[in-house]
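Visitor: Sequence and predicted structure below; questions after.
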Amino acid sequence: MAMSGWQKALWLEWKGLQEEPVEGFRVALLNESDLANWEVAIFGPPETLYQGGYFKAQMTFPQDYPYSPPSFRFLTKMWHPNVYENGDVCISILHPPTDDPQSGELPSERWNPTQNVRTILLSVISLLSEPNTFSPANVDASVMYRRWRESDGRDSEYETIVRDSPFFSLP
């Protein structure tokens, strides 16, 4: 089977992640013959409220990758300021490189072809460690997170919701 340019680029990225994985992640193809859909396993980063959690996600790549960003969606229910109810992640580097003055993002913070799967995974870990409450996808989670952080953990509502998730046991 002949591969197109985007498929070759994606294959090299996938192969590189198998040889040198990003700590806290495991990636696999959903179907060996489909490079455009990846399954991602995320282990909650140490020293965060998500520590000890095991979360599943899916990355879907467009046919003009790397010129357009993939999508990243949690399949596991997530309570996080930057995760929509449907699991889509709201993170600057996954936004198309268009000029959008309403977003509050600089064009340099958005997707560009020098980004790759590794930078996306590291950005997701960063987001789990330090949510962006200035541009929330889940306003309720953002308000609770800010309240929790400002109270130095004394207001435990956010922490309780995160920790009561059934996904805090490793497979």
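Guide: Arrived safely, thanks for sending.

Visitor: burial of Trp148, as a residue count?
Guide: 20 (other C-beta atoms under 10 Å). Any C-beta I mention is one placed from the backbone N, CA and C, and that applies to glycine too.

Visitor: now swap in Pro70 and tell me
Guide: 22.

Visitor: quick one: the helices in the chain?
Guide: 5-19, 117-129, 139-150, 157-163 (DSSP state H).

Visitor: Now the last one - C-alpha only, CSV.
Guide: This file holds the C-alpha atoms of helix 157-163, laid out as CSV (Å, rounded to 0.1, in the frame of the first residue of the first chain):
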residue,chain,number,x,y,z
GLU,A,157,-15.3,20.5,46.0
TYR,A,158,-13.2,20.4,42.8
GLU,A,159,-10.8,17.9,44.2
THR,A,160,-13.7,15.7,45.4
ILE,A,161,-15.3,15.6,42.0
VAL,A,162,-12.0,14.8,40.3
ARG,A,163,-11.1,12.1,42.8
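
Visitor: which other residues reach it?
Guide: For helix 157-163, the external contacting residues (C-beta atoms under 8 Å, 6 or more residues apart in numbering) are Leu49, Tyr50, Trp79, His80, Ala141, Met144, Tyr145, Arg147, Trp148, Gly153.

Visitor: Closest one to Pro66 out of these, please.
Guide: Proximity of the contacts of helix 157-163 to Pro66 was ranked by C-beta to C-beta; the top entry is His80 with 26.2 Å.

Visitor: helices and strands of this protein: which one bottoms out on pLDDT?
Guide: helix 157-163 (a mean of 88; mean pLDDT, DSSP states H and E).

Visitor: For stretch 153-163, buried residues please.
Guide: Buried positions in stretch 153-163, judged by neighbour count with 16 or more other C-beta atoms under 10 Å: Tyr158, Val162.

Visitor: How far off centre is that stretch?
Guide: 21 Å (C-alpha atoms, centre = their mean, to the nearest Å).

Visitor: Same check on stretch 79-91?
Guide: 9 Å.

Visitor: and if you look at stretch 123-135?
Guide: For stretch 123-135, the distance to the chain centre is 9 Å (C-alpha atoms, centre = their mean).

Visitor: hmm, who's touching it?
Guide: In contact with stretch 123-135 (C-beta under 8 Å, 6+ apart) are residues 22, 24-25, 42, 44-45, 47-48, 50, 57, 72, 80-82, 89-91, 93, 103-105, 141-142, 145-146.

Visitor: Just the buried positions in that stretch, please.
Guide: Buried-residue list, stretch 123-135, by 16+ other C-beta under 10 Å: Ser123, Val124, Ile125, Leu127, Leu128, Pro131.
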